[in-house]
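Engineer: sequence isn't available, so here's the structure alone:
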């Protein structure tokens with residue numbers, strides 16, 4: 001009997017800074033052992049609470065430029081003077097193994113993935129409950145200066161205007177509800193016909209009398 005395997009996919013979560021994509025990414029990973037995290041490379045400085053290779057791979061500008069030139073990044077973008085990118089090899093390895101990988105990217109990175117791996121991409125845009133709540137979250141996390149918070153708020157409306165470009169859109173009002181919604185999306189995407197390898201042969205075999 002033919003065994004049905006599956007082609008994995010990359011689930012990308014996007015949102016304005018402070019809307020919850022990073023928290024939701026890590027909570028989603030905790031709910032499903034078959035999910036793994038896509039670790040981006042970045043040229044920005046490591047924050048005190050960040051671990052190398054967990055939050056990001058921190059590299060210098062020369063290394064980043066080499067990866068871009070060599071085609072080693074599926075997408076890359078520059079935000080507030082710092083560059084970020086998704087390494088190609090780890091993602092392609094996970095997908096070929098029939099597993100899923102989760103990444104939090106901005107709309108620029110997601111648009112690039114639309115061009116490079118559209119068939120394997122599931123995109124989700126996360127909206128905050130309100131602009132006031134978004135500003136409260138940015139201020140409360142105490143990671144950026146007041147000037148950077150103002151810059152992020154100014155950029156938020158532009159970022160939110162890209163929501164129609166995504167496969168799924170959700171408002172992050174309640175953390176547990178949002179995680180449950182994302183888990184449901186993962187399960188539904190795994191069941192898609194196009195991701196199930198060997199399905200045609202399996203159905204043909206069980207249909208024989």
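Structural biologist: Nice, I can see it. The structure displayed is predicted, hence computed values, not measured ones.

Engineer: tell me where the model's unsure across this structure.
Structural biologist: Where the chain drops to pLDDT under 70, the residues are 137-144, 149, 209.

Engineer: which SS state does residue 189 fall under?
Structural biologist: helix (DSSP: H, G, I helix; E, B strand; the rest coil).

Engineer: in contact with it, which residues?
Structural biologist: Residue 189 makes contact with 9, 11, 100, 122, 195, according to C-beta atoms under 8 Å, 6 or more residues apart in numbering. Yep, even glycine has a C-beta here, placed from its N, CA and C like the rest.

Engineer: hmm, try it at 6 Å
Structural biologist: The neighbours of residue 189, taking C-beta atoms under 6 Å, 6 or more residues apart in numbering as the test, are residue 122.

Engineer: do residue 103 as well
Structural biologist: Residue 103 sits in contact with 12, 38, where contact means C-beta under 6 Å, 6+ apart.

Engineer: can you report phi and psi for it?
Structural biologist: Dihedral pair for residue 103: phi -140, psi 140, per degrees, to the nearest 10.

Engineer: distance of residue 74 from residue 86?
Structural biologist: Distance, residue 74 to residue 86, by C-beta to C-beta, to the nearest Å: 5 Å.

Engineer: do residue 94 as well
Structural biologist: 12 Å.

Engineer: what ranges do the strands span in this protein?
Structural biologist: Assigned by DSSP state E, the chain shows strands spanning 5-6, 10-14, 35-37, 41-42, 57-58, 73-79, 82-87, 100-104, 121-127, 168-171, 196-197.

Engineer: list of residues touching the last one?
Structural biologist: With C-beta under 6 Å, 6+ apart as the test, strand 196-197 has contacts from 4-7.

Engineer: quick revisit: want to try JSON lines for the strands of the chain, with distance to residue 207 as columns?
Structural biologist: Shown next, in JSON lines, are these (distance: least, C-beta to C-beta, whole Å):
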{"stretch": "strand 5-6", "distance to residue 207": "20"}
{"stretch": "strand 10-14", "distance to residue 207": "33"}
{"stretch": "strand 35-37", "distance to residue 207": "33"}
{"stretch": "strand 41-42", "distance to residue 207": "48"}
{"stretch": "strand 57-58", "distance to residue 207": "49"}
{"stretch": "strand 73-79", "distance to residue 207": "39"}
{"stretch": "strand 82-87", "distance to residue 207": "41"}
{"stretch": "strand 100-104", "distance to residue 207": "30"}
{"stretch": "strand 121-127", "distance to residue 207": "30"}
{"stretch": "strand 168-171", "distance to residue 207": "34"}
{"stretch": "strand 196-197", "distance to residue 207": "16"}
